[in-house]
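next comes the sequence, and after it the predicted model I'd like to discuss.
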Amino acid sequence: MNNAANDTLLGLQAYCSIVQARLVDQLSQLCDYWFIRNGVLALDDKLSTAFTPAELLKMMKELPTLEQKRTNLRRVVETMEKALVAAESE
């Protein structure tokens with residue numbers, strides 16, 4: 001390809017990346033507005049009247065398997081941190 005074609009291609013690629021970034025920004029703002037802000041407010045009204053606080057807490061509680069996995073992961077991370085500190089002090 002000649003230089004003019006390369007320059008045009010580079011310009012189009014740069015333009016496309018800018019358009020893509022702006023599109024992603026716009027979509028994320030729209031999703032935030034419609035799903036998070038408006039959706040949460042409507043959902044909050046319905047949940048606060050449909051269930052008791054105890055029922056909501058029961059629904060929000062993690063599964064025991066997830067709690068166990070998180071505990072195991074925490075132990076592994078702590079063990080690795082201790083090993084790293086021990087290795088650095090040697």
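Everything's here; your move.

for the protein, which segments are assigned as helices?
3-31, 39-50, 53-60, 64-89 (DSSP state H).

relative to helix 53-60, how tilted is the helix or strand of the chain with the lowest mean pLDDT?
The least trusted helix or strand in the chain, going by mean pLDDT, DSSP states H and E, turns out to be helix 39-50, with a mean of 76. In terms of direction (axes from the mean of the first three to the mean of the last three C-alpha atoms, to 10 degrees), helix 39-50 departs from helix 53-60 by 130 degrees.

against Arg22, how distant is the residue sitting nearest the centre point of the chain?
With distances taken as C-alpha atoms, centre = their mean, the residue of the chain nearest its centroid is Ser28 (11.9 Å). Using C-beta to C-beta, to the nearest Å, Ser28 is found at 11 Å from Arg22. The C-beta positions use only the backbone N, C-alpha and C, and glycine is treated the same way.

any stretches of this structure with poor pLDDT?
For the chain, the stretches flagged by pLDDT under 70 are 1.

apply 90 and report the result again.
Scanning the chain for pLDDT under 90 picks out the ranges 1-12, 14-17, 19-21, 23-64, 66-67, 84-90.

could you chop it up by domain?
Domains of the chain are assigned by automatic domain parsing as 1-50, 52-90.

just want the angle from the least confident helix or strand of the chain to helix 3-31.
Angle of helix 39-50 versus helix 3-31, following the same axes, to 10 degrees, is 20 degrees.

show residues contacting helix 39-50.
By C-beta atoms under 8 Å, 6 or more residues apart in numbering, the residues outside helix 39-50 that reach it are Leu56.
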